[in-house]
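[1] Output the structure for:
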Amino acid sequence: MTNRWTLELESTSYTVALEPEDRWLELVAWGPRGVEHGPSPLANRGSVHFITDADAAPVEYAPRGLRPFSGADLAVAGDSWWRFAADESTDTELRLAFTDEVTGLRAVQCYRAEPGTDVLCRWVEFTNTGSAAISIDRLGSAGVCVPTGSKGARLTYLTGQWSQEFTRRSTVLEAGGFRMESRFGVPGHQYVPWLAVQDAAEADGPAYGVSLAWSGSWEIDAEIEPSGLTRVRAGRLPSPGPVVLEPGASLTTPELALASSVDGLGGLAGGWHAYSRKLAGPRLANRRPVLYNSWEATGFEVLGSRQLDLARQAADLGVELFVVDDGWFVGRDDDTGGLGDWTPEQSSFEGGFGAFVESVRALGLDFGLWVEPEAISPKSKLYAEHPDWVYRVDGRPATLIRNQLLLDLGKPEVFEYVRGFLDDLLTAYPISYLKWDMNRPPTERGRPGAPTADLDAEHVANYHRLLDHLRATYPELIVESCAGGGGRTDLATVSRSDVVWPSDNTAPLDRLRIQDGFLLAHAPHLMSSWVTDAPGVFDPRPRSLRFRFVLAMAGVLGIGADLSHWSTEQRKEAAELIARYKALRTTIHTGRCRVLAGPGEPTAATQYTLGEQTVVLAWSTGELVGTPLVPGRSSRIRLHGLDAAATYRDEDGQEYSGAHLTHAGLPIEWTAERDADVFVLTRV
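    Below is the predicted model:
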């Protein structure tokens, strides 16, 4: 019988083996292909005192019982012990089954290498073959072991709050543990379900990462193990819990994606970008249009005449899509009503809503609409008819957040209602873009009459079903994921969306930090970014219109400012920059992306390379060098991944060797007026 398995990825490999008594799987090696040929760098070589063998081993997945002290991936009432039962692998998946003969719990540990990438996906499939229900308190997707050394682990994570999402942070963990979680029913603004691990002794050494594909409550923790390695555990957070697995029932954990790179965090980010492009599939080739969103210009005062005026101004700039945000439907004069009653307010549009949509399209613009399908207003007609459709606990008052409640999407009748109104809108009007928002977490997470229902899982499953339905039924529809900004940016959502809204904060220097973190986890084609006139929330230093445009060009370009306030000169500059972005859009969205310098540097820059073309977007974030008034040198940005022996020519005809651009750097002359620029280099 085979007791060792290697999964080969694009340039890396992942090897696991059964421990001698067939009780668990151990990680043998993870890294560049061939690293598995030799003694395991993770295996415990010492004696075990006061703990079990499993507590000291690089265990892939174990229940509490087998691993009682150093952290288990699965915790069930009464604990569980299991042994290897069978290899059930297919052509595309490694599937290894373990069973607990006492409880009847059967666990199949699953692995899938994602073709063309260095990403490995892991999950576990459980079946209760026993006669009694099994209560699950902890439901991990995987345990992930990283060979860190005596100085511990450097953990890089993405944190923040509303308007400050995706802030890149790092900490050195010499001993003990580190934990992130969300109990919000969505991934949330405070943390992204993503983590990178490096040996603390190596400043930019090999990086190992995990990213959880789950759109509900979750947890990720890391701990320095007794043997010195770092072990990461990730999975669903049963909320409300526990999860009850009835006799004969099955349960599958969310997928956890793993990636590694010898090229540090930049290389790891490139691995995640490749996976993002793979998840997009054929839709990656679809144009992501330059959009205008009217929210910041009009708020809830959505009147057809004013919207059309903005649409004309946007079309004159070269915008390709006009999106009407909140306020277009019946009862939505402010944030206290309307949610749930998704009928256009016909009286707000001369000739009706349909005539308004056609007028926008006659300008050469596609049309988009904002919706918040999971929310409901207490003043709505829907709530009057179906008060039992919201999450609630009998005898307890409902908590309003943003003057709204949350629908129990796990109920079949609620799912059918939401699917129905979305279908009605999308078949009645030529809508090519849907901005799906979600602005409040669940509070009273209950469903009277169903005390053991797995509410978080049911909500997430139907949310995914709705996104899958939209993609299958309306293949040309572009779906944007939003949750009060960047509150729902997990891999499961990303795989079902075309673009993601990272944050409601669009101020230039604040947004530069947000986008820096976003690009660690996701590819540029997913990053919706707007040009607005918003002042900074955390860094209020003003930046030019050019800075704001070049920043928004780093992903999917949009505009959210009130165009009626822009001068003739600003409109001319905007039109030129939009045309420039369109010419470079394919390289930015599908090329190899590398953040060269982050927002903490005087010059921040991001590089995109596709074929013979390299695009560099750069921003002046701090002090100038003082030239030409005093002696000084040009600001320089060192590029990445170029052919040292090749020649590269910029748009002014200046030629550079690849070695010069890589080691000396691309020269940039910043002034008070020129604080951002776009550089295009062609290999000749």
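
[2] So what's the gap between stretch 136-144 and the chain middle?
    21 Å (Cα atoms, centre = their mean, to the nearest Å).

[3] Can I get that stretch as CSV, trimmed to CA atoms?
    In CSV, the C-alpha atoms belonging to stretch 136-144 read as follows (Å, rounded to 0.1, in the frame of the first residue of the first chain):
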residue,chain,number,x,y,z
ILE,A,136,-19.0,19.9,16.2
ASP,A,137,-17.5,22.9,18.1
ARG,A,138,-14.5,23.5,15.8
LEU,A,139,-14.6,22.9,12.1
GLY,A,140,-11.3,23.5,10.4
SER,A,141,-10.6,23.0,6.7
ALA,A,142,-6.9,22.2,7.1
GLY,A,143,-3.8,22.4,9.3
VAL,A,144,-0.8,23.9,7.4
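
[4] Give the helix, strand or coil label for Arg636.
    Three-state call for Arg636 (DSSP: H, G, I helix; E, B strand; the rest coil): strand.

[5] That one contacts Leu666, doesn't it?
    Yes. Between Arg636 and Leu666 there is a contact at 6.6 Å, judged by Cβ atoms under 8 Å. From N, CA and C alone the C-beta is placed, and that goes for glycine too.

[6] between those two, which one's more packed in?
    Neighbour count, other Cβ atoms under 10 Å: between Arg636 and Leu666, Leu666 has more, with 26 against 13.

[7] Least confident secondary structure element in this structure?
    helix 53-56 (a mean of 93; mean pLDDT, DSSP states H and E).

[8] Show me which residues of that helix are buried.
    53-56 (16 or more other Cβ atoms under 10 Å).

[9] what comes into contact with the helix or strand following that helix?
    Sequence order places strand 74-76 as the next helix or strand after helix 53-56, per DSSP states H and E. For strand 74-76, the surrounding residues in contact (Cβ atoms under 8 Å, 6 or more residues apart in numbering) are 61-64, 80, 103, 105, 107, 124, 134-140.

[10] Tell me the one of the residues you listed nearest Ala483?
    Lowest distance from Ala483 to those (Cβ to Cβ) belongs to Leu139, with 22.5 Å.

[11] does the closest one really touch Leu245, like I thought?
    No. If you go by Cβ under 8 Å, Leu139 and Leu245 don't touch, sitting 9.8 Å apart.

[12] coming back round to it: including distance to Val494, could the buried residues of helix 53-56 go into CSV?
    As requested, the buried residues of helix 53-56 are exported to CSV (distance: Cβ to Cβ, whole Å):
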residue, distance to Val494
Asp53, 39
Ala54, 34
Asp55, 35
Ala56, 36
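
[13] Mutual contacts of Leu139 and Leu245, please.
    Joint contacts of Leu139 and Leu245 (Cβ under 8 Å, 6+ apart) are Leu251.

[14] The two - which one has more neighbours?
    Ranked by neighbour count (other Cβ under 10 Å), Leu139 and Leu245 place Leu139 first, with 25 against 22.

[15] Looking at the one helix or strand the more buried one maps to now, give me its mean pLDDT.
    Taking DSSP H and E as the definition, one finds Leu139 inside strand 134-146. Averaged over strand 134-146, pLDDT sits at 97.

[16] helix or strand right after that strand?
    Criterion used, DSSP H and E; the element after strand 134-146 is strand 153-159.

[17] Would you point out which residue is most central in the chain?
    Thr489 (3.2 Å; Cα atoms, centre = their mean).

[18] mind checking how far that one is from Gly160?
    Per Cβ to Cβ, to the nearest Å, Thr489 is found 12 Å from Gly160.

[19] Go through stretch 89-100 and flag the buried ones.
    Buried-residue list, stretch 89-100, by 16+ other Cβ under 10 Å: 94-100.

[20] and that stretch, C-alpha only, in CSV?
    Presented in CSV, the C-alpha positions along stretch 89-100 are these (Å, rounded to 0.1, in the frame of the first residue of the first chain):
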residue,chain,number,x,y,z
SER,A,89,-8.2,9.3,-5.1
THR,A,90,-9.4,10.3,-8.6
ASP,A,91,-7.5,11.6,-11.6
THR,A,92,-7.8,15.2,-10.3
GLU,A,93,-8.0,14.8,-6.5
LEU,A,94,-6.0,13.1,-3.7
ARG,A,95,-8.7,11.7,-1.3
LEU,A,96,-7.7,9.9,1.8
ALA,A,97,-10.3,8.5,4.2
PHE,A,98,-10.1,8.1,8.0
THR,A,99,-12.7,6.6,10.3
ASP,A,100,-13.6,6.7,14.0
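
[21] List of residues touching that stretch?
    Contacts for stretch 89-100 (Cβ under 8 Å, 6+ apart): 5, 7, 24-25, 63, 80-88, 105-112, 129.

[22] let's go with 6 Å and repeat that
    Stretch 89-100 is contacted by residues 5, 80, 82, 84-88, 106-112 when judged by Cβ atoms under 6 Å, 6 or more residues apart in numbering.

[23] Just the buried ones from those residues?
    5, 80, 82, 84-85, 106-112.

[24] Farthest pair within these?
    Ser80 and Arg112 (24.7 Å).

[25] Going by neighbour count, which residues of the strand or helix carrying Phe178 are buried?
    In this structure, Phe178 sits in strand 177-182 according to DSSP H and E. Using 16+ other Cβ under 10 Å as the burial criterion, the residues of strand 177-182 that qualify are 178, 180-182.

[26] How about stretch 303-321?
    So for stretch 303-321, counting by 16+ other Cβ under 10 Å, buried means 303-304, 307-308, 310-311, 313-315, 317-321.

[27] can you check stretch 666-684 too?
    666, 668, 670, 675-681.

[28] which intervals of the chain have sub-threshold pLDDT?
    1 (pLDDT under 70).

[29] Apply 50 and report the result again.
    In the prediction, the chain carries no residues with pLDDT under 50.

[30] Longest helix of this structure, counting residues only.
    helix 568-590 (DSSP state H).

[31] Now Ala62. Nearest residue, chain neighbours left out?
    Distances taken as Cβ to Cβ, 6 or more residues apart in numbering place Trp24 nearest to Ala62, at 5.1 Å, with adjacent residues excluded.

[32] of all the contacts of stretch 89-100, which two lie farthest apart?
    Ser80 and Arg112 (24.7 Å).
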